[in-house]
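From the sequence below, what's the structure:
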Amino acid sequence: GKAAIIQWDESWSDFDYTTEDVIASPSWAGSMLKLPYNIDVSDNINPDVELVEYIGREHPVSYHGTQIGSKSTWNMDVPAYDKETIYALRRLQKWMGNVYVREPSGSGYWATVTVSFSIKHCEVVIPVTLNITRVEGGI
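Here you go, the predicted model:
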């Protein structure tokens, strides 16, 4: 699909819980956040490199490490009426582990995510920022 997906290993629960059509055991027991909104993405790659200045050299010498340092910032506007997404964002804010992030382009990776948003009265949209840092491996 065209949405960004974030999954993490938190116990699954539905915000709008009703006794009708309850699934006895969901097909996946973690939490998932689907973001079908227009997302502005800003990527930042910071390779592990150290520049050392030596006497007698005009330019520093570079020594490369093994880390890439990939970060991304996602900005979006979530409609204020989308309570299910706001509920999932609040749960993601409290999550203390890695998450699996899949971009709308289809590429996915493990990451840590920090969520920030500000809800103002009488506003129809809530601006949301996700700061994503790619990590090695999974949970």
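
contacts, neighbours, all on C-alpha from now
OK.

I'd say residue 30 and residue 8 touch.
Yes - using C-alpha atoms under 8 Å, residue 30 is in contact with residue 8, at 5.9 Å.

the more surrounded of the two?
residue 8 (21 against 13; other C-alpha atoms under 10 Å).

which residues of this protein fall in helices?
83-94 (DSSP state H).

where in it is pLDDT low?
Where the chain drops to pLDDT under 70, the residues are 1, 11-29, 138-139.

most remote residue from the protein's center?
residue 56 (46.1 Å; C-alpha atoms, centre = their mean).

Can you tell me how far that residue is from residue 64?
21 Å (C-alpha to C-alpha, to the nearest Å).

go on, residue 50?
In terms of C-alpha to C-alpha, residue 50 sits 6 Å off from residue 64.

wait, what's in contact with residue 133?
69, 70, 71, 72, 111, 112, 113 (C-alpha atoms under 8 Å, 6 or more residues apart in numbering).

Quickly list what the closest residue to it other than its chain neighbours is bridged to.
In space, and not counting its chain neighbours, residue 133 is closest to residue 71: 4.5 Å by C-alpha to C-alpha, 6 or more residues apart in numbering. In this entry, residue 71 is beta-bridged to residue 44, residue 133, by DSSP bridges.
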